[in-house]
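>>> pasting the sequence and the predicted coordinates here, then a few questions.
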Amino acid sequence: MIARWALIAGVLVCVISATASAEEAVKVGGALALLNKPSSPRVGLILIPGGDGEMNIKADGTFSSGKNNQLVRTRQAYLAHGIATLTIDVDVDVPAAVNYMRKLTPVVIVAGTSRGSLRVPQSLSAKPNAIVLTAAMLNDVRSSVGSPSALPPTLLVHHRQDACRVTLPQAVEPFKAWGGNKVQVVWLQGGRNAGNNCGAEAYHGFNGIDGQVVSAVAQFAKSVK
């Protein structure tokens with residue numbers, strides 16, 4: 001039975017690989033981003049890395065920074081869910097990224113992690129269908145959005161043991177109360193914790209539980225109209 005399921009999984013991976021285009025660097029305005037696109041995607045997910053947001057993407061699709069960031073390292077995992085991703089460098093205009101993705105998919109969602117969450121409110125002028133905030137700086141995001149009336153459907157993904165001083169779990173419930181029924185919360189726990197509390201290898205960076213993050217975001221994304 002195990003061998004049978006392994007064979008089926010292998011076939012599915014082959015089918016997905018055959019129907020997805022190879023990762024490519026694309027111009028968004030005057031800057032570069034990484035596009036991963038399955039055939040005929042309904043949902044496009046714009047991924048904004050944390051830290052300083054700098055990836056140094058080259059025209060050939062290579063990049064030299066941010067490789068361990070949670071959204072960056074899982075950018076291709078969404079292909080298995082039929083979701084396209086556009087991973088943007090620090091100099092990409094976020095509303096321009098929304099407009100770019102709108103040409104490829106009917107539903108566009110903007111996701112930011114850690115300090116990258118601070119760029120998510122910039123997208124609201126381009127009216128994304130939803131936003132996702134993972135290990136986010138929620139008090140600052142709330143201040144930037146201003147009013148919950150400006151908030152689209154929102155998913156918060158947070159680690160219960162996040163010890164980063166600017167993304168402590170205590171900020172989640174106040175944000176949800178502020179956003180009301182527009183906000184859904186997924187709590188995660190476990191994995192591995194190492195290094196800087198605000199780093200990619202800490203609980204803050206969902207180290208060891210990438211699959212759970214991808215599943216939660218993909219499930220939300222496919223529910224968005």
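Alright, I've got the coordinates.
>>> could you list the low-pLDDT ranges of this structure?
Applying pLDDT under 70 to the chain flags residues 1-19.
>>> do you know how far L86 is from Q184?
From L86 over to Q184 the distance is 23 Å, taken as C-beta to C-beta, to the nearest Å. Where C-beta positions appear, they are placed from N, C-alpha and C, glycine not excepted.
>>> no no, K37
26 Å.
>>> mind listing what's buried along the helix or strand harbouring P174?
Element membership for P174 (DSSP states H and E) is helix 172-179. Buried residues in helix 172-179, counting neighbours by 16 or more other C-beta atoms under 10 Å, are found at 172, 175-176, 179.
>>> go on, stretch 105-125?
Buried residues in stretch 105-125, counting neighbours by 16+ other C-beta under 10 Å, are found at 105, 107-124.
>>> first-to-last residue distance for that stretch?
End-to-end distance for stretch 105-125, by C-alpha to C-alpha, to the nearest Å: 18 Å.
>>> ok now it, how far from the chain's centre?
Distance of stretch 105-125 from its chain centroid, counting by C-alpha atoms, centre = their mean, to the nearest Å, is 8 Å.
>>> next: stretch 69-89.
7 Å.
>>> tell me the strands beside the helix or strand harbouring L133, with direction?
Assigned by DSSP H and E, L133 falls within strand 130-134. Within its sheet, strand 130-134 is paired with strand 107-113 (parallel), strand 154-159 (parallel), according to DSSP bridges.
>>> got the angle between it and helix 172-179?
Orientation of strand 130-134 against helix 172-179 (axes from the mean of the first three to the mean of the last three C-alpha atoms, to 10 degrees) gives an angle of 160 degrees.
>>> which residues touch strand 130-134?
Identification of contacts with strand 130-134 by C-beta atoms under 8 Å, 6 or more residues apart in numbering yields 45, 70-71, 107, 109-114, 117, 120, 123, 141, 151-158, 206, 213, 217, 220-221, 224.
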